[in-house]
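J.: Return a 3D structure for these sequence lines:
(chains A and B)
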There are 2 protein chains.
Amino acid sequence: MRVDGERLREDFDALAAIGATPAGGVERPSLGDAHLAARAWFLARAEAAGLETSVDAAGNHSALLRRNGPTLLLGSHLDSVPNGGRFDGALGVVAALHVLLTVQAAGLELPLTLEAIDFTDEEGTLVGLLGSEALAGVLAAESLEAPRGGRAALAAGLARAGLREDRLADARRDPASLAAYLELHIEQGPVLECAGAQIGVVTGIVGARSYSLHFRGAAAHAGTTPMDARQDAGLAAASFAVAAEELVVRNFPGCVATVGDVRLEPGAYNVVPGSAHLALEFRALETPELDVLETALLDRARNEAARRGVELGITPVGRWEPTTLDAGLGAVIERVAGGLGLASMRLPSGAGHDAQVLAGITRAGMIFVPSVGGLSHAPGELTAWEDCVNGANVLLAAALAIALPRVASAA
Amino acid sequence: MRVDGERLREDFDALAAIGATPAGGVERPSLGDAHLAARAWFLARAEAAGLETSVDAAGNHSALLRRNGPTLLLGSHLDSVPNGGRFDGALGVVAALHVLLTVQAAGLELPLTLEAIDFTDEEGTLVGLLGSEALAGVLAAESLEAPRGGRAALAAGLARAGLREDRLADARRDPASLAAYLELHIEQGPVLECAGAQIGVVTGIVGARSYSLHFRGAAAHAGTTPMDARQDAGLAAASFAVAAEELVVRNFPGCVATVGDVRLEPGAYNVVPGSAHLALEFRALETPELDVLETALLDRARNEAARRGVELGITPVGRWEPTTLDAGLGAVIERVAGGLGLASMRLPSGAGHDAQVLAGITRAGMIFVPSVGGLSHAPGELTAWEDCVNGANVLLAAALAIALPRVASAA
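T.: Model prediction:
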C-alpha cells in the first residue's frame, strides 16, 4: 500500500499557495489570516474526501477516519515562522491526511481511529506548542500570561480564531484514548543529507534553555576615555560570545550554543556601551549534559563580566527538557523504512516539535526526511519531492504496523 | 583682574535650569525648545548688561564688546547630547560672557573686539560643528544632505530656529577679521584629575574615523545547525570587537577604538545571526598613526570575516582630521595659568570641539578644567566649582594677554 504521490503533491502545492511569499516560502504566523486560511483548506479537503473533521477547544484541526478502538494520532502543524519555508510542518499534515485517504481508499478496516491533526501555534509566534500542550493537559498558565509573542498578539490571534483563552484546557485528551503519536517532519539540519540517508529515525528531541544576560558597565565618551579606564559592557558581551563558542566546540561535542541577539546601549559610534543585553540559547540531548553545559556557560559569563569590572544579571527566559522518543516505535519506523528499500539512520532532533509534548502522554515517534543544505526557517527551505513521498509512505507503513502489529511483523 | 565667581555661578545655575533633567543633567538637543530657550537666555543676559548682541545666518549667538580692531572670539556651545551634563559647552559660553562683563566693568579699552559666541549644533544631534563650520566657510553640502540626525530633524530644527538652510553659508567670516579663538571646556576625561593638574593646555584635537562594518553570514536554525556548519555573522562581529581592543591596547598606546553598537539579524534566541552591523570608531592624535591604525583594524575585520566564511562590507561614515592647536596660544595659556598660581599640564583632546574648526582660519587655543571621574555626556558630569572659576580666570587672563601682548609680557 502506497500514498498517491501525485495527489499528495497537488495538496502540498495548494497549501504552499496560502500565504506564499515572493521568495518561494510561506508567511503563516500562528492564528493570522493566512494560517487560518490554511487550516480551513485542510478541513475542507478532508470533508470533500468524506472524512469526519473536528476542531477542539485549543483550535487543533483534525480529520478522522473513525473506528472502534483508541486513536492513532498523526500530526504536525500548518503555522510557519515569519518568512518561513513551505515544508516545515505542512508536509507532516498533508502526509497524515494522505495516510487516512489511502487507508480509506483501500477499504481497510483498522482496529483503531486514525486522526490527522494540525496542532495550533507550534512555531511560537504566539506561545509555542500551544495546541499540543493543551491536548496533553500541560499548558501552563504562565505561558499564557507572558507569551513569547506578547499578550496583545495572543489575544488578537485567539479572537481571530474564535477561541476562548479560559477554555483552551478543555482540549485535554484522556491518555487512555490514545494508541500512539507519529509525526513526519523535515530534518531542518544537514545530518541526513551528509550521511546520504533517506529517512531519519528520531531517537529524541534535544532540551534547550535560554537566558537573557545583562552586562552592566559604564557608558563613557569614546574619545576621552582611555582603553584601560573603560567598563565596556559591549566588549564583555563580545568576549563571552567568543568564549561560549570555544567552550562548546572543545568540550561539548554534539551540543550547540547560540548568541542570537545583542543589544547595546546607548548604541552610538562615539559612546562606550554601558549596557549589553545578550540572548543566549543552548541545547543538549540529555539533561545531565544540559546541566553541565549551563554551569560552564554561566560561569564563563560571570568570569568575563568580573574580568572587565562590569556587573552581570542572569534571567532564565525559557527551557524545555530533553525528550526520549519511544524506542519501540523507532524500531518500527526503522523496519518499515527498510521494507520500503530506504536507507535510514537514527538521529536526535535539534529542533523542538509537538512530538516532545505528546511523548508525555503516549508513545511518540518521529520520521525525518532530508533538508537540502540543512536550510530551514527560510524561503529557500527544500526537501526533494521523492524524499517527501518516501516520508509519507514510511508514515503510512508505520501507522499500519502500529494498527496491525501481527500483520506487519508477518510481512 | 578676576571674574566675579558668584555672578558666574548664578548665571551658570540659571542656564543649568533650562532643560534640566531629574538626574541633575540637562537635555538640550540642538535647536530643540530647551536649546533655543538657553540661547535666548544668553542674549537677554548680555543685553541686560549693556552688551551688543547678534545672531548670524547659521544661528550662532553672540555677545560683543565692540572696539576697533579684529575680533577675539571666545566661545563654546549651549546644546547638549541627549541626557547630557550641565558643564559640557555651557561653562565655556558663560565664562566667555563673564570675560566681557569683567573687561566692561573695569572700563578697560582693548584694541580689539571681544565676542562671546555660542556655536550652533556642536554636539551633532543634527549635523555636528554646524555653526563653527559655517562661520569658517567649510560647511559641506554633504553634511546637510545626509546629516547624522536625519534630514527631517535638521529641517524641523532649522524651522524652529527661523534659519534658512540655503543661507547658512552666509555666516562665513573673513579670517582677516579675527584675532584668535579661545575656548574653555571641561576635559571630559580623567587625565587632569589623575595628574592633579588644575588647568589643561590643549595641544591638539585627535582625529577620528568611523566605519559601518557589515558582516554577512547565513541565518540558520540554532537547534539543528551544528557548530561547525555555521556562518555566524554575530560571532564574526564579536571576534572582531575583541581583537580590535587587543590590537589597540598592544600596539597603539594613547589611541582608542570603540565598538559602540552592534545590530544582529534576525535577532532571535533560536536563530544563528545571518547579519551583523557593527559601528566602529577610532581616534589618534596624528594623521600617520590614524592611517596605520585604520589599516590594522580593517585588516583585522577582513581576517575575522574570512576565518568564519562570512562576507564583509566596509562603509566609511565619518572622519575628522587631527588638529594641532596654536603653540603660541598654548604658551600664553600656560604662562597665565602659572601667573594665577595654577598647576597646568599639556594634553591632547580626545573629544571634538569647535576649536578644531576655528583652527583652520585663525590661531586657536583651548583651556581644559578637570572632570570628576572623567565622566561626561551623562547627568552626573561634574567639575568642582573652584576649577570652573579658575578656568574662567585663565580664559580672561589669556584674552588680555592676546589683546595687550606688551602689558601681559611685562606683568
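
J.: Okay, now the unreliable bits of chain A?
T.: Regions of chain A meeting the criterion pLDDT under 70 cover residues A:407-411.

J.: What count of nearby residues applies to whichever residue of the stretch 201-350 of chain A sits closest to chain B?
T.: Using C-beta to the nearest C-beta, residue A:224 is the residue of the stretch 201-350 of chain A that sits closest to chain B, at 3.2 Å. All C-beta spots, glycine's among them, are computed from the backbone N, C-alpha and C. Residue A:224 is flanked by 26 other residues according to other C-beta atoms under 10 Å in any protein chain shown.

J.: Check whether it really touches residue B:186, as I assumed.
T.: No. When contacts are counted by C-beta atoms under 8 Å, residue A:224 is not listed as touching residue B:186 (9.7 Å).

J.: which residues are common contacts for those two?
T.: Shared contacts of residue A:224 and residue B:186, defined by C-beta atoms under 8 Å, 6 or more residues apart in numbering or on different chains, comprise residue B:376.

J.: which residues does the residue of the stretch 201-350 of chain A closest to chain B contact?
T.: Contacts of residue A:224 by C-beta under 8 Å, 6+ apart are B:187-189, B:349-351, B:374, B:376.

J.: Phi, psi for it please.
T.: When read as degrees, to the nearest 10, the backbone of residue A:224 gives phi -100, psi 0.

J.: Once you drop chain neighbours, what's closest to it?
T.: Closest residue to residue A:224 apart from its sequence neighbours, by C-beta to C-beta, 6 or more residues apart in numbering or on different chains: residue B:189 at 3.2 Å.

J.: Okay, buried residues for the helix or strand harbouring residue A:54 please.
T.: Under the criterion of DSSP states H and E, residue A:54 resides in strand A:52-55. Buried positions in strand A:52-55, judged by neighbour count with 16 or more other C-beta atoms under 10 Å in any protein chain shown: residue A:55.

J.: go on, stretch A:304-320?
T.: For stretch A:304-320, by 16+ other C-beta under 10 Å, it's A:304-305, A:308, A:310, A:312, A:320.

J.: Same list (those) but as CSV, adding secondary structure.
T.: Formatted as CSV, the buried residues of stretch A:304-320 follow (DSSP: H, G, I helix; E, B strand; the rest coil):
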residue, secondary structure
A:304, helix
A:305, helix
A:308, coil
A:310, coil
A:312, strand
A:320, strand
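
J.: Which ones, among those residues, also lie beside chain B?
T.: Applying C-beta under 8 Å from any C-beta of the partner chain, the subset of the buried residues of stretch A:304-320 adjacent to chain B is empty.

J.: Identify the farthest-apart pair in the residues you listed.
T.: Greatest spatial distance among the buried residues of stretch A:304-320 (C-beta to C-beta): A:308 and A:320, at 32.2 Å.

J.: In contact with the residue nearest to residue A:224: list those residues for me.
T.: A:221, A:223-226, B:350-351, B:371, B:374, B:376.

J.: doesn't it fall inside a helix?
T.: No. Residue B:189 is assigned coil when assessed by three-state DSSP, not a helix.

J.: Now name the helix or strand holding residue A:331.
T.: Assessed by DSSP H and E, residue A:331 sits inside helix A:327-339.

J.: What of residue A:306?
T.: Following DSSP H and E, the helix or strand that holds residue A:306 is helix A:287-307.

J.: buried sites along that helix?
T.: A:289-290, A:293-294, A:296-297, A:300-301, A:304-305.

J.: Distance from the chain centre to it, please.
T.: Offset of helix A:287-307 from its chain centre (C-alpha atoms, centre = their mean, to the nearest Å): 26 Å.

J.: First-to-last residue distance for stretch A:317-337?
T.: Stretch A:317-337 has an end-to-end distance of 39 Å (C-alpha to C-alpha, to the nearest Å).

J.: from the middle of its chain, how far away would that stretch be?
T.: Centre-to-centre, stretch A:317-337 and its host chain are 13 Å apart (C-alpha atoms, centre = their mean).

J.: Downstream of the strand holding residue A:54, the next helix or strand is which one?
T.: strand A:61-65.

J.: Show me what that next one packs onto, helices and strands only.
T.: For strand A:61-65, the packing partners by 3 or more C-beta pairs under 8 Å, 6 or more residues apart in numbering or on different chains; DSSP states H and E come out as helix A:33-48, strand A:52-55, helix A:90-106, strand A:113-118.

J.: downstream neighbour of the helix or strand where residue A:135 lies in the secondary structure list?
T.: Element membership for residue A:135, per DSSP H and E: helix A:130-136. Later in the chain than helix A:130-136, the nearest helix or strand by DSSP H and E is helix A:141-145.

J.: where does the stretch 251-400 of chain A come near chain B, residue by residue?
T.: So the stretch 251-400 of chain A meets chain B at A:256-262, A:264, A:267-273, A:279-281, A:283, A:317-318, A:349-352, A:374-378 (C-beta under 8 Å from any C-beta).

J.: Buried ones among those?
T.: Taking 16+ other C-beta under 10 Å as the criterion, what is buried in these is A:256-262, A:264, A:267-273, A:279-281, A:283, A:349-352, A:374-378.

J.: quick one: which of the residues you listed sit in strands?
T.: Within those, residues falling in strands by DSSP state E are A:256-262, A:264, A:271-272, A:279-281, A:283, A:349.

J.: So of these, which two are at opposite extremes in space?
T.: A:271 and A:349 (43.0 Å).

J.: Tell me how many other residues surround residue A:94.
T.: For residue A:94, the neighbour count with other C-beta under 10 Å is 30.

J.: Would you agree it is in contact with residue A:10?
T.: No. With contact defined as C-beta under 8 Å, residue A:94 does not count as touching residue A:10 (9.7 Å).

J.: Can you tell me the closest non-neighbouring residue to residue A:369?
T.: Spatial nearest neighbour of residue A:369, chain neighbours left out: residue A:391 (4.0 Å); criterion: C-beta to C-beta, 6+ apart.

J.: ok so, going back, make JSON lines from the helices and strands packed on strand A:61-65 and add distance to residue B:138 to it.
T.: Formatted as JSON lines, the helices and strands packed on strand A:61-65 follow (distance: least, C-beta to C-beta, whole Å):
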{"stretch": "helix A:33-48", "distance to residue B:138": "55"}
{"stretch": "strand A:52-55", "distance to residue B:138": "70"}
{"stretch": "helix A:90-106", "distance to residue B:138": "61"}
{"stretch": "strand A:113-118", "distance to residue B:138": "66"}
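
J.: Summarise which helices and strands the helix holding residue A:135 is packed against.
T.: In terms of contacts (3+ C-beta pairs under 8 Å, 6+ apart), helix A:130-136 is packed against helix A:354-358.

J.: what about dumping the CA coordinates of the helix it packs on to PDB?
T.: Taking C-alpha atoms only, helix A:354-358 is exported to PDB below (Å, rounded to 0.1, in the frame of the first residue of the first chain):
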ATOM      1  CA  ASP A 354       4.900  18.700  19.100                       C
ATOM      2  CA  ALA A 355       6.100  15.100  19.400                       C
ATOM      3  CA  GLN A 356       8.100  16.100  22.600                       C
ATOM      4  CA  VAL A 357       4.800  17.100  24.200                       C
ATOM      5  CA  LEU A 358       2.900  14.100  23.000                       C
END
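
J.: What are the contacting residues of it?
T.: By C-beta under 8 Å, 6+ apart, the residues outside helix A:354-358 that reach it are A:73, A:75-77, A:119, A:122, A:129, A:131-133, A:135-136, A:138, A:181, A:183, A:202, A:205, A:320, A:323, A:325, A:364-366.

J.: With that, I have no additional questions.
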